[in-house]
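Asks: Turn this into a model:
(chains A and B)
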2 protein chains.
Amino acid sequence: MKFKITIIGTGNVAWHLSTAMEEAGHTLTEVYGRDIKQAEKITNRVYLAEPKDDLDFSDSEAQIFILAVSDNAIAEISDAIILPEESILVHTSGSVPLDVLGYSSAAYTGIFYPLQTFSKDRNIDFAEVPFLLESEDQSTLQKLQKLAKSLSPHQYILRSKDRLALHVAAVFASNFSNHMLRLSEEVMRRQGLDFEMLKPLIIETISKSLELGAKRAQTGPAIRGDFQTLDRHFQFLNYNEQVAEIYRLLSQDIIDSY
Amino acid sequence: MKFKITIIGTGNVAWHLSTAMEEAGHTLTEVYGRDIKQAEKITNRVYLAEPKDDLDFSDSEAQIFILAVSDNAIAEISDAIILPEESILVHTSGSVPLDVLGYSSAAYTGIFYPLQTFSKDRNIDFAEVPFLLESEDQSTLQKLQKLAKSLSPHQYILRSKDRLALHVAAVFASNFSNHMLRLSEEVMRRQGLDFEMLKPLIIETISKSLELGAKRAQTGPAIRGDFQTLDRHFQFLNYNEQVAEIYRLLSQDIIDSY
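Replies: Numbering: from 1, shown residues only, chains lettered A, B, ... in the order given. Coordinates of the predicted model:
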């Protein structure tokens, strides 16, 4: 089943989704950007989508309108957008509830959330991206499943209250684990050491954690109860009180959870 | 240059190093374990090493004695071990200073630290393991370099004060990033959600972080300054005060560092 689709937004998700949709055989009819130049950057990469900088879509042929904008712009745009009859309006956010779309002119609403971290300068293999779907309308949900299936074999139907938990879990797994690498980089740079040294350790740590589960994969001074080393490390970090406190709190939490 | 080597210890590092040394053409002469059965588990896997449960090595032919024991056993064993003349004694720890070996009967001492996380049930590709080396004796350092080079192309000479910084950085990069995955797993399990959903995100996050650097790779509510989401997540975690505090502190540190 092929769809006619409009993408609202010009950020990283819009950028990657638009070409992936077209490659999967769907037709992009319009791309909306507040700044039309940004919309053109995307329409230039696809077959025939029109760039637009106004939200009147009453003449659009699209069946599905995908809101790929920042979380705090979703409510405003969904209130303002003018849609043709029988349209489906979805957003792509992990943290905004479905009912935010309830004031729009859409006949049906839903969530079409690709659980991945997107950057313009990295290709995304959508076959590896799980799509988390939600709608109160069964026929809409089926259409979103078909759309997702055309991009990836991994789809999950999620209730809004589960989506909040998932998003919290994603912050720990992605944003916070990345921040741990950031803090590690800074310790190395401060000492004039080459961060390259640590890369094999990081790759093996994450591979092992995903294979065995993080509980079994844990190593290091905290889980060994090596308080002498913990104390030496804490003292070492005294140049940054907040980072020292992060070291203390995470070590304590590791100690407490075994 | 091939060496005759004795391994002291029967843990994960001893296990992996012993076979890797033999595959690289060195000769294992003895493996010491407090429990000789543990030593035999390793000697059974190599060509002719003898298992031992006493620390008298005065008749040993080994040139290099590798202490691969837990950090808090290094001082005790190095004090007690009886070594032949002209021996080199090294330990494999990231956190114990070199001078701890100063009271041993070894002619020369050093550090031979493979910067990796070892588990018995996962193979290690030593070609990807950086070896961090230290010795106050130049000729010892050269021998350690040759030994390391026979196992891996990645070697670094590190001063003890840099090794402390490196170990702190490794705790952030490995133990703490693994703990972030652990906390993520627990949020998912508590909600009855499948952790598999998050694996592609984790893999992409770490790949991106190692390629672009963690600072450029960061995404999520904290760096966006999305306080509404941060607050919703913090409230969600109120069932565990310590984990909620981790969420708050890490978000604050991300906000402060951009």
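
Asks: Would you map the helices across the stretch 101-250 of chain A?
Replies: With DSSP state H, counting those that start in this stretch as the criterion, the stretch 101-250 of chain A has helices at A:138-149, A:160-170, A:177-190, A:199-212, A:214-217, A:221-224, A:227-236, A:241-256.

Asks: now the ones you listed as CSV including distance to B:Ser257?
Replies: Backbone N, C-alpha and C define where each C-beta goes, glycine included. Formatted as CSV, the entries for the helices of the stretch 101-250 of chain A read as follows, by distance: least, C-beta to C-beta, whole Å:
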stretch, distance to B:Ser257
helix A:138-149, 35
helix A:160-170, 20
helix A:177-190, 7
helix A:199-212, 19
helix A:214-217, 25
helix A:221-224, 23
helix A:227-236, 19
helix A:241-256, 9
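
Asks: Buried deepest among the ones you listed, which one?
Replies: Most buried of the helices of the stretch 101-250 of chain A by mean neighbour count (mean count of other C-beta atoms under 10 Å in any protein chain shown) is helix A:177-190; its value is a mean of 23.

Asks: any residues touching that one, and which ones?
Replies: Under the contact criterion C-beta atoms under 8 Å, 6 or more residues apart in numbering or on different chains, helix A:177-190 has outside partners A:194-195, A:197-198, A:202, A:206, A:237, A:239, A:243, A:246, B:165-166, B:168-170, B:172-173, B:176-177, B:180-181, B:202, B:205-206, B:209-210, B:213-215, B:217-219, B:250, B:253-254, B:257.

Asks: separation between A:Gly33 and chain B?
Replies: In this view, A:Gly33 and chain B are 19 Å apart by C-beta to the nearest C-beta, to the nearest Å.

Asks: residues in contact with stretch A:237-248?
Replies: Outside stretch A:237-248, the residues that touch it by C-beta under 8 Å, 6+ apart are A:183, A:186-187, A:190, A:233-234, B:168, B:171-172, B:249-250, B:252-253, B:256.

Asks: so what's A:Thr251 up against?
Replies: If you look again at residue A:251, you'll see it is Ser, not Thr. Contacts for A:Ser251 were tallied using C-beta under 8 Å, 6+ apart; they are A:Pro221, A:Ala222, A:Leu230.

Asks: mind giving me TSV with the residues you listed and columns for distance to chain B and pLDDT?
Replies: Rendered in TSV, the data for these read as follows (distance: C-beta to the nearest C-beta, whole Å; pLDDT from 0 to 100):
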residue	distance to chain B	pLDDT
A:Pro221	7	91
A:Ala222	6	96
A:Leu230	9	95
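
Asks: Among these, which one lies nearest to A:Val46?
Replies: Using C-beta to C-beta, A:Ala222 comes nearest to A:Val46 of these, at 50.2 Å.

Asks: From the opening residue of stretch A:61-73 to its closing one, how far?
Replies: The first and final residues of stretch A:61-73 sit 24 Å from each other (C-alpha to C-alpha, to the nearest Å).

Asks: same question but for stretch A:167-181, I mixed them up
Replies: End to end - C-alpha to C-alpha - stretch A:167-181 spans 20 Å.

Asks: what do you get for stretch A:3-22?
Replies: With C-alpha to C-alpha as the measure, the ends of stretch A:3-22 fall 10 Å from one another.

Asks: Show me how far it is from its chain's centre.
Replies: In terms of C-alpha atoms, centre = their mean, to the nearest Å, the centre of stretch A:3-22 is set 14 Å apart from its chain centre.

Asks: Skip the chain neighbours and tell me the closest residue to A:Arg232.
Replies: Leaving aside its sequence neighbours, A:Arg232 sits nearest to B:Leu164 (C-beta to C-beta, 6 or more residues apart in numbering or on different chains; 6.8 Å).

Asks: quick one: contacts for A:Asp253?
Replies: B:His179, B:Leu183, B:Gln242, B:Val243, B:Ile246.
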